[in-house]
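Peer 1: show me how the following folds:
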Amino acid sequence: MKLGDLVQSGDWKGEKHVPVIDAPDHAAAGELIKVKFGVGKEIAHPNTATHYIKWIKLFFVPDGGKFAVELASVSFDAHGDSADAAKPGPAFAEPFSAVKVKLSASGTLLAQSYCNLHGLWENSQPIKIG
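Peer 2: Next up, the predicted model:
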């Protein structure tokens, strides 16, 4: 078995675990662009102390490239943390983030997320540079 065999995907409009990538379709080479990524854009993920998105990673693969370049990694470790284990605390981190990147070639942005109950999920979005 390979880890890739366990990665799930789907339409983020109908599945709450699929990461969403919000980036422009086109950009100039070297232009600073904002890429937002998260889980639960259309259908909210529960995000409770017992069911949460643990992390989201953002990658880029240039057209014709063999390897992914990791652009960002965000961990969501505050899931109702409390000194009283019987009661969730007052703060929950929502699984959304943003990063500014510069790309010099066209390719594909990829996002992976990990739900503590439902495993690994992925999504991708092509981006044209030039």
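Peer 1: list the buried residues of stretch 108-116.
Peer 2: Under the neighbour-count criterion of 16 or more other Cβ atoms under 10 Å, stretch 108-116 has T108, L109, L110, A111, Q112, S113, Y114, C115 buried. All C-beta spots, glycine's among them, are computed from the backbone N, C-alpha and C.
Peer 1: from those, which land in strands?
Peer 2: T108, L109, L110, A111, Q112, S113, Y114, C115 (DSSP state E).
Peer 1: can I get those in a markdown table with pLDDT and distance to Q8?
Peer 2: Shown next, in a markdown table, are those (pLDDT from 0 to 100; distance: Cβ to Cβ, whole Å):
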| residue | pLDDT | distance to Q8 |
| --- | --- | --- |
| T108 | 98 | 18 |
| L109 | 98 | 18 |
| L110 | 97 | 14 |
| A111 | 97 | 13 |
| Q112 | 96 | 10 |
| S113 | 96 | 10 |
| Y114 | 95 | 11 |
| C115 | 94 | 10 |
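Peer 1: looking at those, which is nearest P24?
Peer 2: Nearest to P24 out of these is L109 (Cβ to Cβ; 10.3 Å).
Peer 1: does that closest one touch P19 like I think?
Peer 2: No - contact criterion Cβ atoms under 8 Å: L109 and P19 do not qualify, at 10.4 Å.
Peer 1: the lowest-mean-pLDDT helix or strand in the chain pairs with which strands?
Peer 2: Taking mean pLDDT, DSSP states H and E as the measure, the chain has strand 8-9 as its least confident helix or strand, at a mean of 78. Here strand 8-9 has these sheet partners by DSSP bridges: strand 119-129 (parallel).
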